[in-house]
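Asks: Predicted model and sequence below, questions to follow.
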Amino acid sequence: MADVLIIAGSKSDETIVKKATDVLDDLKISYDVKYASAHRDPDSVRSIVTNSEAKVMIAIAGLAAALPGVVASHTSKPVIGVPVKVALDGLDALLSIMQMPKGVPVATVGIDNGQNAAHLAARILGISTTKSVVPRTYAEAGVDENLVARGLEILGKYVRESFRFGEVMQDYGHYANTVKISDDLCLAMSTDGVGSKVLVAEMAGKYDTIGEDCVAMNVNDLICIGATPVGFVDYLASEEPLPQEIIEGIGKGLLNACAESNIPILGGETAILPDMIRGMNGPGLDLAGTAVGVAKPEELFDGSSIQPGDVILGVASNGIHSNGFTLARKVLFSKYSVVDQLDWKISLGNELLRPTRVYVKHFKALKEAGVEIKGLAHITGSGFRKILRLGQFTFSIEKLPEIPPIFELIRTTGFVSWPEMFTTFNMGIGLIAVVPPSQVDQALEALSNHDKAYRLGMVEKATQGAVEIKPYGVRIE
């Protein structure tokens, strides 16, 4: 049984309905959504209302806006009216809903204010709508990187012990790892998932980019050790069998990114796990994958050839990519809805669902140009701290391009500090390349054929590894 019935006069009111359902989802209040016009479908309205076991009803309508009053005439339960702006700036609907006769009350919220209708319904139900303090750090959002690191140390003990069963070419903890399978060939593997970005896809009802994220997160890690991706498999787990349109969206995304990487999808696995996976509003799912790559032993790199004086280059990201979403979601959705339009003319949902950029072509372009790649860093979880995987140096970043507005929105909405921003998000740079100073122009030309690329700074001698982001006064150790 749903606690709240939302009834709207027309499918054109879906954006207002979504504002209400987003709040109800956040507050974990169950609801039903129905569409029926008070004028065109009076019998349907009466049937919906009289057969509903909901404790509170939200009626959404524009123009003459008779629906809330008609709903109130069929029930003694609380009714909340939401006027919709269609004509006359919504004042016609607002005044219509307010003018109810004595004994047939309808509570009225502001024009298009589906959020407040949901909050009022929650108060009527006796459910607190007081939100916890908006997190300012990844740890406050629920992801403590220190605890994660401790867990990885424990796993690392067993991982390293297994190295005796093969000729493993990298230490545990780099972007990916390789095993030598012949004198002139190494097999590389990387596995990763899309993470809580899936929840944004569910909120927005848009699944056509998370497949791209799944592939990109894996192939981008492979190139950071010098391996060329050659194949990919996916793992899709869901609460229940997924609708065809969701499968189609995910499949198209996987294909797009594999085409960008010039690799086949070799298969994968699907699992239905109703006792383990729950959706917020609809079928829940988790998406992960594994990429396989190859390299000759002499083609591998891990940063060990980096020297002071080498130059740090950066390649543009495509937004948040697939990391930091636990913090980004809790900050942004404390103020905005997934359908809200941002100042740069895109909805919040579409901005957050921009797919992770695939950097395989960039890697191949550097190799084809004859650039000596000293090290690559895929800026994902832990942000710019990822650069420290390349060695015990000071990676001095002296200039950065303008930070994309989505990061500034997160920072200012959540009052997040600059150090926290740079150790959680990519801040507009998705890939770092370290090259010799004599090959900077050559490398920038190769990279710029595929994306915006920048000279960011220089590698300096140090006794302890650090990343210094001088324009923002940030030091990461």
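Replies: Thanks, I have it. Model, not experiment: these values are computed from the prediction.

Asks: only C-alpha atoms for contact and neighbour calcs from this point on.
Replies: OK.

Asks: Report the residue ranges of every domain in this structure.
Replies: 4-124, 145-300, 302-477 (automatic domain parsing).

Asks: and the helix or strand harbouring Asn220, what other elements does it pack with?
Replies: Using DSSP states H and E, Asn220 maps to helix 210-223. Other helices and strands packing on helix 210-223, by 3 or more Cα pairs under 8 Å, 6 or more residues apart in numbering; DSSP states H and E, are strand 185-193, helix 197-204, strand 228-238, helix 244-261, strand 285-295, helix 360-368, strand 375-378.

Asks: end to end, how far does stretch 274-289 reach?
Replies: One end of stretch 274-289 to the other measures 21 Å (Cα to Cα, to the nearest Å).

Asks: Quick check: the residue of the chain most remote from its centre vs Ile469, distance?
Replies: Most distant from the centre of the chain: Lys102, at 49.0 Å, with distances by Cα atoms, centre = their mean. Remark: distance between Lys102 and Ile469 (Cα to Cα) = 65 Å.

Asks: now do Ile154
Replies: From Ile154 to Ile469 the distance is 31 Å (Cα to Cα).

Asks: neighbour-wise, which of these two wins?
Replies: Per other Cα atoms under 10 Å, whichever of Ile154 and Ile469 has more neighbours is Ile469, with 22 against 10.

Asks: OK, contacts around the closest residue to the more buried one other than its chain neighbours?
Replies: Spatially, and ignoring its direct neighbours in sequence, Ile469 is nearest to Ile397 (4.9 Å; Cα to Cα, 6 or more residues apart in numbering). Counting by Cα atoms under 8 Å, 6 or more residues apart in numbering, Ile397 touches 312, 456-458, 467-470.

Asks: Switch these over to CSV; also include distance to Leu120, pLDDT and secondary structure.
Replies: Shown next, in CSV, are those (distance: Cα to Cα, whole Å; pLDDT from 0 to 100; DSSP: H, G, I helix; E, B strand; the rest coil):
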residue, distance to Leu120, pLDDT, secondary structure
Ile312, 53, 98, strand
Leu456, 50, 98, strand
Gly457, 53, 97, strand
Met458, 56, 98, strand
Val467, 48, 97, strand
Glu468, 48, 98, strand
Ile469, 46, 97, strand
Lys470, 47, 97, helix
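
Asks: Just the buried ones from those residues, in ChimeraX syntax?
Replies: For the buried members of the contacts of Ile397, the matching ChimeraX selection, counting by 16 or more other Cα atoms under 10 Å, is:
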select :312,456,457,458,467,468,469
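
Asks: JSON lines for the contacts of Ile397, including distance to Val79?
Replies: Shown next, in JSON lines, are the contacts of Ile397 (distance: Cα to Cα, whole Å):
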{"residue": "Ile312", "distance to Val79": "61"}
{"residue": "Leu456", "distance to Val79": "58"}
{"residue": "Gly457", "distance to Val79": "61"}
{"residue": "Met458", "distance to Val79": "64"}
{"residue": "Val467", "distance to Val79": "57"}
{"residue": "Glu468", "distance to Val79": "57"}
{"residue": "Ile469", "distance to Val79": "54"}
{"residue": "Lys470", "distance to Val79": "56"}
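
Asks: Just the closest of the contacts of Ile397 to Val371, please.
Replies: Using Cα to Cα, Ile312 comes nearest to Val371 of those, at 13.4 Å.

Asks: want to throw the domains of the chain into TSV with distance to Pro135?
Replies: TSV is the format used below for the domains of the chain (distance: least, Cα to Cα, whole Å):
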stretch	distance to Pro135
domain 4-124	15
domain 145-300	15
domain 302-477	7
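
Asks: Could you pull up the residues touching the residue most central in space within the chain?
Replies: Central residue of the chain (Cα atoms, centre = their mean): Lys197, 3.2 Å from the mean position. With contact set as Cα under 8 Å, 6+ apart, Lys197 has these partners: 210, 322-323, 325, 353.

Asks: what pLDDT does it get?
Replies: We have a pLDDT of 96 for Lys197.

Asks: measure it to Asn350 for me?
Replies: To Asn350, Lys197 is 12 Å away according to Cα to Cα.

Asks: Who are the contact partners of Asp144?
Replies: Tyr138.

Asks: meant to ask about Val371, not that
Replies: Contacts of Val371 by Cα under 8 Å, 6+ apart are 435, 439, 442-443.

Asks: In helices, which of those appear?
Replies: Of the contacts of Val371, the ones assigned to helices by DSSP state H are 442-443.

Asks: Show me the two of the contacts of Val371 that sit farthest apart.
Replies: Across those (Cα to Cα), the longest gap, 9.9 Å, separates Val435 and Gln442.

Asks: neighbour-wise, which of the two wins?
Replies: More neighbours surround Val435 than the other of Val435 and Gln442, with 26 against 14 (other Cα under 10 Å).

Asks: Give me the distance from the helix or strand bottoming out on mean pLDDT in the chain to the chain's centre.
Replies: None of the helices or strands of the chain scores lower by mean pLDDT, DSSP states H and E than helix 145-162, at a mean of 82. Taking Cα atoms, centre = their mean, to the nearest Å, one finds helix 145-162 lying 26 Å from the centre of the chain it belongs to.

Asks: go on, stretch 63-77?
Replies: Here the centre of stretch 63-77 is set off from its chain's centre by 39 Å, with Cα atoms, centre = their mean.

Asks: Identify all contacting residues around that stretch.
Replies: 8-9, 37-39, 45-46, 49-50, 55-61, 78-81, 83-87, 90, 92-94, 96-97, 100, 104-106.

Asks: go on, stretch 451-469?
Replies: Residues outside stretch 451-469 that contact it (Cα under 8 Å, 6+ apart): 307-316, 384-385, 387-388, 391-401, 444, 447, 474-477.
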